[in-house]
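Asks: Build me a model:
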Amino acid sequence: MNKLKKYAVIDAHNHLSMDATMKLDRADAESRLQAADRLGIDKLCVSIPLTAPCPSPDEFIRANDAVVEGMRMNRRFLGFCFVNPGYQTEALREVERCIVKKKMTGIKLYHQYLICDPIMKSLMTLAAELGVPVLMHAGKCTDAETIKSQPLLSNAMHFLKAAEMFPETTLIQGHIGGGGDWEWNLRILEKRPPNVYIDTSGSVIDRGIVSKTIEALGIDHVLFATDGIFEEGVGKVIDAGLSESECRKLFRDNFQHILAMRKV
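Replies: Numbering: from 1, shown residues only. Take a look at the predicted model:
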C-alpha cells in the first residue's frame with residue numbers, strides 16, 4: 001500500500017472526534033494518522049459534524065475548536081468548518097472565524113437542511129467569496145429506517161439544483177459509497193455542472209464503484225476520500241485499475257485544483 005506515498009495523497013473526507021470533555025480526542029486523531037501512514041496517505045481533510053436535527057452555535061463552535069486543536073496537533077490535518085445553516089448569522093460568523101482566522105480549508109454540512117434549501121444562499125455566497133469548497137453529507141437511501149432518520153438527506157438531484165442556484169460555489173458530494181442507490185446517483189450526475197465534485201469514500205465497496213463514478217463524472221471531478229474507512233477506501237481505488245495519470249488526479253491533483261481557488 002505504501003506505493004501510494006509517491007502521490008502525496010490527500011484524503012478529501014475524513015473526521016476527528018471529541019472526548020468526554022468535548023475536547024479533541026487525541027488518541028483517535030493519532031490512530032487516524034497511523035492508519036494514513038500505513039496506507040500512504042499524506043493529508044486528511046477533517047471535520048466534526050454534528051448529526052442532531054438542530055445543533056446550536058455553541059455546539060458547532062465547540063466542535064470546530066476541537067478541529068483547530070487537531071490542526072495544531074499535526075499539520076497533516078486540513079480542517080473543515082461545520083455549521084448549522086439554520087443559525088444564519090452565527091454560521092456566517094463561524095465560517096469567517098474558521099476559514100480566515102484559523103486557516104481551515106473548507107465548509108462541512110450535514111443533513112440539517114437540503115443543500116438546495118434557500119436558507120443556504122448566504123452561506124454559499126460566502127464560500128464563493130472565500131474560494132473554499134462546501135462538502136455535504138449525501139446519499140440516495142432506499143430503506144425506511146434511514147429515510148425516517150435523515151429526511152433532509154441531500155441526493156444528486158438536490159446537488160444539481162444547488163449547482164444552478166450557487167454556480168460560483170464549489171460543491172462536493174460526500175461518499176459515493178455511503179449507502180443507498182449509488183448507481184442512481186451516478187446516472188443523475190452524468191449531467192454534472194462544472195462546480196460539482198464527488199468523493200469516493202464510504203463503506204460500500206461494490207465492484208466497479210470507482211470506475212463507474214469516473215465514467216459518469218469524468219476523472220477531473222472525482223476526489224479520493226475514505227470517510228475514516230481506510231482500507232476499503234484505498235482498496236476499491238486500487239481495484240479500479242486506473243492509469244498513472246488518473247491516479248495522480250484522483251489522489252491529489254483534483255483536490256489541489258480546489259485548494260488553488262482559495263481567495264483568502
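Asks: What residues does residue 54 make contact with?
Replies: Taking C-beta atoms under 8 Å, 6 or more residues apart in numbering, we find residue 54 in contact with 84, 86, 112. For glycine as for every other residue, the C-beta is placed from the backbone atoms N, C-alpha and C.
Asks: Same check on residue 2?
Replies: Contacts of residue 2 (C-beta under 8 Å, 6+ apart): 38, 39, 40.
Asks: same question, residue 236
Replies: 177, 200, 205, 209, 210.
Asks: Tell me which stretches of this structure form helices.
Replies: For the chain, the helices defined by DSSP state H occupy 26-39, 57-73, 88-96, 121-130, 144-149, 156-165, 182-189, 209-217, 230-238, 244-248, 254-259.
Asks: Need those in a markdown table (columns: mean pLDDT).
Replies: Output for these, formatted as a markdown table (pLDDT from 0 to 100):
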| stretch | mean pLDDT |
| --- | --- |
| helix 26-39 | 97 |
| helix 57-73 | 98 |
| helix 88-96 | 98 |
| helix 121-130 | 98 |
| helix 144-149 | 91 |
| helix 156-165 | 97 |
| helix 182-189 | 95 |
| helix 209-217 | 96 |
| helix 230-238 | 96 |
| helix 244-248 | 98 |
| helix 254-259 | 98 |
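Asks: what's the closest of those to residue 138?
Replies: helix 156-165 (7.0 Å; C-beta to C-beta).
Asks: so what secondary structure elements neighbour the closest one?
Replies: helix 121-130, strand 171-173, helix 182-189, strand 196-199 (3 or more C-beta pairs under 8 Å, 6 or more residues apart in numbering; DSSP states H and E).
Asks: okay, the ones you listed in JSON lines with distance to residue 137 and mean neighbour count next?
Replies: Below are the helices and strands packed on helix 156-165 laid out as JSON lines (distance: least, C-beta to C-beta, whole Å; neighbours: other C-beta atoms under 10 Å):
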{"stretch": "helix 121-130", "distance to residue 137": "15", "mean neighbour count": "18"}
{"stretch": "strand 171-173", "distance to residue 137": "9", "mean neighbour count": "27"}
{"stretch": "helix 182-189", "distance to residue 137": "13", "mean neighbour count": "18"}
{"stretch": "strand 196-199", "distance to residue 137": "11", "mean neighbour count": "25"}
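Asks: Please name the residues that touch residue 258.
Replies: Residue 258 makes contact with 133, 170, 197, 223, according to C-beta under 8 Å, 6+ apart.
Asks: before we move on, the earlier item: mind putting the helices and strands packed on helix 156-165 in JSON lines, distance to residue 31 included?
Replies: Below are those laid out as JSON lines (distance: least, C-beta to C-beta, whole Å):
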{"stretch": "helix 121-130", "distance to residue 31": "31"}
{"stretch": "strand 171-173", "distance to residue 31": "25"}
{"stretch": "helix 182-189", "distance to residue 31": "28"}
{"stretch": "strand 196-199", "distance to residue 31": "21"}
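Asks: wait, which of the ones you listed is closest to residue 44?
Replies: The nearest among the helices and strands packed on helix 156-165, by C-beta to C-beta, is strand 196-199 at 12.4 Å.
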